[in-house]
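>>> Model the structure of this input:
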Amino acid sequence: MFSLTRMVLMTRYPLRTYGHGNGAWSVALGSLNSNSVVISAGVGKDISFDLDVNKSHGCRVIMLDPSPTGCQTIERSKPLPPGLVFEKTGIAERDEDVSFASPCHPDEGSFRLPVAGHALPTHNFRCERLATLMRRHNLNKVDLIKLDIEGFEYGVLRDLLKTKCEVEQICVEFHHGIVPGIGKAQTLSSILRLRVAGYFLVGRHGLNHTFIRGRGGASRK
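Next comes the predicted model:
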């Protein structure tokens with residue numbers, strides 16, 4: 001078996017952490033400003049990242065989560081500050097109602113990619129492709145997309161690269177070893193496709209990865 005740590009090369013780049021605890025993500029320092037647009041897919045139980053980004057820069061943050069868990073989190077967080085928008089929509093590889101498996105642990109609350117042979121109940125939620133979401137919001141580019149979507153990230157990244165959506169930075173949690181049936185090879189394949197498309201891996205904490213488009217090469221201090 002290969003080691004993902006040995007196989008994946010990381011480019012040095014200064015990072016800033018937004019959010020706290022399980023909701024923290026590393027973002028390239030100086031990459032966001034008041035004109036930025038951030039898409040945050042997967043609210044779950046924590047919007048500390050979204051709140052921190054919005055408070056720090058005053059930028060627009062579009063939060064997506066079709067699940068009851070995400071919707072309940074938003075209800076508890078209201079009123080939302082200006083610039084934070086929530087949509088009860090998921091992001092996926094296709095524009096359609098998509099089947100999600102119920103959480104393995106109800107207290108944890110993550111609705112995830114269904115796996116054949118696992119008898120968890122499923123629920124259909126409305127999802128859109130990134131290109132569709134961008135057209136609907138009249139966006140030519142996205143400064144940052146955060147994907148914490150429980151196994152659906154592989155299809156979303158495939159579609160993002162296929163449609164050549166203008167995305168400057170990608171924060172994604174890969175779910176090999178978490179969602180049954182997803183192995184390290186699937187994650188490595190996604191990372192290599194991103195690299196071929198011009199994205200450089202600049203940060204990693206556990207399964208959370210940060211990629212920047214076209215900024216690799218020299219290390220930065």
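
>>> How far does stretch 39-47 stretch from one end to the other?
Stretch 39-47 stretches 12 Å from its first residue to its last (Cα to Cα, to the nearest Å).

>>> Just the buried residues of that stretch, please?
39-44, 46-47 (16 or more other Cβ atoms under 10 Å). Bear in mind the C-beta positions are built from the backbone N, C-alpha and C, glycine included.

>>> Next, residue 35: secondary structure please.
Following DSSP: H, G, I helix; E, B strand; the rest coil, we place residue 35 in the coil state.

>>> Count the residues that sit near it.
Number of residues near residue 35 (other Cβ atoms under 10 Å) recorded here: 10.

>>> where along this structure do the strands fall?
Along the chain, the segments classed as strands by DSSP state E run 15-18, 25-28, 37-41, 60-64, 84-87, 90-91, 96-101, 122-128, 144-147, 169-173, 199-205, 208-213.

>>> Let's have the ones you listed in JSON lines, adding distance to residue 162 and mean pLDDT.
Output for the strands of the chain, formatted as JSON lines (distance: least, Cβ to Cβ, whole Å; pLDDT from 0 to 100):
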{"stretch": "strand 15-18", "distance to residue 162": "28", "mean pLDDT": "97"}
{"stretch": "strand 25-28", "distance to residue 162": "24", "mean pLDDT": "97"}
{"stretch": "strand 37-41", "distance to residue 162": "17", "mean pLDDT": "98"}
{"stretch": "strand 60-64", "distance to residue 162": "20", "mean pLDDT": "98"}
{"stretch": "strand 84-87", "distance to residue 162": "23", "mean pLDDT": "98"}
{"stretch": "strand 90-91", "distance to residue 162": "14", "mean pLDDT": "97"}
{"stretch": "strand 96-101", "distance to residue 162": "17", "mean pLDDT": "92"}
{"stretch": "strand 122-128", "distance to residue 162": "15", "mean pLDDT": "94"}
{"stretch": "strand 144-147", "distance to residue 162": "15", "mean pLDDT": "98"}
{"stretch": "strand 169-173", "distance to residue 162": "15", "mean pLDDT": "97"}
{"stretch": "strand 199-205", "distance to residue 162": "14", "mean pLDDT": "94"}
{"stretch": "strand 208-213", "distance to residue 162": "15", "mean pLDDT": "96"}
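
>>> I'd like to know which of those strands lies nearest to residue 179.
strand 96-101 (8.7 Å; Cβ to Cβ).

>>> which residues touch that closest one?
Here strand 96-101 makes contact (Cβ atoms under 8 Å, 6 or more residues apart in numbering) with 66-67, 90, 92, 111-115, 118, 120-127, 152.

>>> got the contact list for the residue nearest the centre of the chain?
For the chain, residue 147 is the residue whose C-alpha lies nearest the centre (Cα atoms, centre = their mean; 0.8 Å). Counting by Cβ under 8 Å, 6+ apart, residue 147 makes contact with 41-42, 91, 153, 156-157, 170-173.
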